[in-house]
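K.L.:
No sequence on hand, only this structure:
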């Protein structure tokens, strides 16, 4: 069971990271300042992740004893399985994000080309479908990762 300190520290860190972005969302700062804030917050996010991994790695003997006790009951998987599920989720999520960006750029151009000349429909549809294919490839990779677990 987690004690109150182990619950409070990540919540405080998340609040400290997201608090300065309120001005960005309200539109009170310039674009360059927003860009530097965003980059610094992305760096802080990864620092918090690495710090939490290092912080949680302190009591490995306790985790190993608990893992062997619950693994006999079939309740909990290994750390490798957990990282496998995280990698499958990242493969699907990031590929869908990339496909969204690709379709956001290709679809308006395809609509514009189609409105000027109706013969461009097939060519423009291919470019939109290529952007959608990125999401399908990410989903395929995540299915292959989960099958290996």
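P.N.:
Received the coordinates, thanks. The model shown is predicted, which means the values in this text are computed figures rather than measured ones.

K.L.:
now what about stretch 25-44, what contacts it?
P.N.:
17, 18, 20, 21, 23, 24 (CB atoms under 8 Å, 6 or more residues apart in numbering). The C-beta positions use only the backbone N, C-alpha and C, and glycine is treated the same way.

K.L.:
So, low pLDDT: which residues of the protein?
P.N.:
For the chain, the stretches flagged by pLDDT under 70 are 1-2, 24, 31, 57-76.

K.L.:
90 instead?
P.N.:
1-84, 102, 104-132, 148-149 (pLDDT under 90).

K.L.:
Distance of the spatially most central residue of the chain relative to residue 25?
P.N.:
With distances taken as CA atoms, centre = their mean, residue 90 lies nearest the centre of the chain, 5.3 Å away. Distance of residue 90 to residue 25, computed by CB to CB, to the nearest Å: 25 Å.

K.L.:
ditto for residue 98
P.N.:
As judged by CB to CB, residue 98 and residue 25 stand 24 Å apart.

K.L.:
Who has more neighbours out of the two?
P.N.:
Each of residue 98 and residue 25 has its neighbours counted (other CB atoms under 10 Å); residue 98 has more, 15 against 9.

K.L.:
isn't that one right up against residue 134?
P.N.:
Yes. When contacts are counted by CB atoms under 8 Å, residue 98 is listed as touching residue 134 (5.1 Å).

K.L.:
which residue ranges form the helices in this protein?
P.N.:
4-18, 22-26, 31-56, 60-71, 79-116, 121-148 (DSSP state H).

K.L.:
Show me which positions of stretch 103-120 end up buried.
P.N.:
Buried residues in stretch 103-120, counted by 16 or more other CB atoms under 10 Å: 103, 106, 110, 113, 114.

K.L.:
Check stretch 128-135 too.
P.N.:
For stretch 128-135, a neighbour-count test (16+ other CB under 10 Å) marks 128, 131, 134, 135 as buried.

K.L.:
do stretch 29-49 as well
P.N.:
The neighbour-count check on stretch 29-49 (16+ other CB under 10 Å) flags 34, 48 as buried.
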